[in-house]
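Chemist: pasting the structure only:
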């Protein structure tokens, strides 16, 4: 299987901030055209809010036959995003991106995805081309990898994410 490359776009969302907060006004047709994905059918959406800095979520993916391409929008905060081919969970295959509000990352279907928050109050929106399938949803334990990568003493992570048997 040929691996797609991830695509990272800086400050592509229309975010308008003031003392009250922010407004994001985005035409999906225009946005998908800008990121050259006008042929993708969006079937599933997630919105995630992470309250605290140094919270890790990941590494998650969905297996065949329901692979999920992810379009990730960062609406607020700052994160370090990590991706790698889920069939090759090795440190040397990990790619990382610093994302800030207004950035978009496209994660290919064959990649595991995770992130650690570098600020409080991070809001992320995911659009995916396949519905969630509980039986095909999988994860890889990235706790030690992320802790060592950023030299962070205490990371907030769910018991489920820490329990995945495959480690990177």
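Modeler: Great, that's in hand. As the structure is a computational prediction, the values presented were derived from the model and not from experiment. Numbering: from 1, shown residues only.
Chemist: where does the protein dip in pLDDT?
Modeler: Where the chain drops to pLDDT under 70, the residues are 1-3, 6-9, 11-14, 25-39.
Chemist: okay, strands next: where are they in it?
Modeler: Ranges of strands in the chain, per DSSP state E, are 7-9, 15-18, 21-24, 44-50, 56-62, 70-76, 78-85, 95-100, 104-107, 111-117, 122-128, 137-139.
Chemist: out of those strands, nearest to residue 158?
Modeler: Closest to residue 158 of those, according to CB to CB: strand 56-62, at 7.6 Å. The C-beta positions use only the backbone N, C-alpha and C, and glycine is treated the same way.
Chemist: ok, the closest one: who's next to it in the sheet?
Modeler: Next to strand 56-62 in the sheet, as set by DSSP bridges, lie strand 111-117 (antiparallel), strand 137-139 (antiparallel).
Chemist: turn the ones you listed into a markdown table, columns for mean neighbour count.
Modeler: A markdown table is the format used below for the strands paired with strand 56-62 (neighbours: other CB atoms under 10 Å):
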| stretch | mean neighbour count |
| --- | --- |
| strand 111-117 | 25 |
| strand 137-139 | 16 |
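Chemist: looking at those strands, spot the one closest to residue 19.
Modeler: That would be strand 111-117 among those, by CB to CB, at 23.1 Å.
Chemist: who touches the residue of the chain most remote from its centre in this structure?
Modeler: For the chain, the residue at maximal distance from the C-alpha centroid (CA atoms, centre = their mean) is residue 19, at 27.6 Å. Taking CB atoms under 8 Å, 6 or more residues apart in numbering, we find residue 19 in contact with no residue.
Chemist: can you give me the buried ones in stretch 84-104?
Modeler: Neighbour counts using 16 or more other CB atoms under 10 Å place 84-86, 89, 93-94, 96-97, 99, 101-104 of stretch 84-104 among the buried residues.
Chemist: please disregard the earlier target; I meant stretch 121-128.
Modeler: Quick answer for stretch 121-128 (16+ other CB under 10 Å): 122-128.
Chemist: since that was my last question, I'll sign off now.
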